[in-house]
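Undergrad: Output the structure for:
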Amino acid sequence: MEKFLRPSEVARLLKLNTETVYHYIKKGDLPAARLGRKYIVTAGDLENFIERRKEAHRIEKLNLSDKGKEMVEGVRANAEKVSNFINEYPGATQVEIAEALQMDGEDAKRALHKLQAKAEIHREGGEGETEPSKARWYAGSVEER
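TA: Residues are numbered from 1 along each chain as shown. Here you go, the predicted model:
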């Protein structure tokens, strides 16, 4: 069962002011649901928020050009789309994923590699550190094998 947190609990965990947490919620950076007059945040949404912030800080340290930042953001956005697609259609090939999402094949490949690197997915018959029973999977494609 998913754990729910109040903004004050989120603030304590992140060592932030509660108003800052409300700011992230209202800005849409931290997903939250209203329960009456109060907000609640799922533990999963909090984990995703933390991961996105860590990634943003890593990117800042790289001192990328605007074009580089745009490319990194594109890969992140595509990885999110691919992740959602794999939730709906596990076992799809890279080609099927690219076609269904109207995405360039190379963009789909980069998104899949990002998800594999984070151990969120694994390729059927592929090798890596991801424990297949603990991750979603995709079938790969003829070119990858």
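
Undergrad: residue ranges of the helices in this structure, please?
TA: Shown for the chain, the helices assigned by DSSP state H span residues 7-14, 18-27, 43-61, 66-88, 94-100, 105-117.

Undergrad: How about residue 16: what's its closest non-neighbour residue?
TA: Setting aside the residues directly before and after it, residue 16 is nearest to residue 10 in space (Cβ to Cβ, 6 or more residues apart in numbering), at 7.8 Å. Where C-beta positions appear, they are placed from N, C-alpha and C, glycine not excepted.

Undergrad: And that neighbour, how far from residue 57?
TA: As defined by Cβ to Cβ, to the nearest Å, residue 10 lies at a distance of 18 Å from residue 57.

Undergrad: ok so, going back, tell me which of the helices of the chain lies nearest to residue 1.
TA: helix 43-61 (10.2 Å; Cβ to Cβ).

Undergrad: and that closest one, what does it pack onto?
TA: Counting contacts by 3 or more Cβ pairs under 8 Å, 6 or more residues apart in numbering; DSSP states H and E, helix 43-61 packs against strand 4-5, helix 7-14, helix 66-88.
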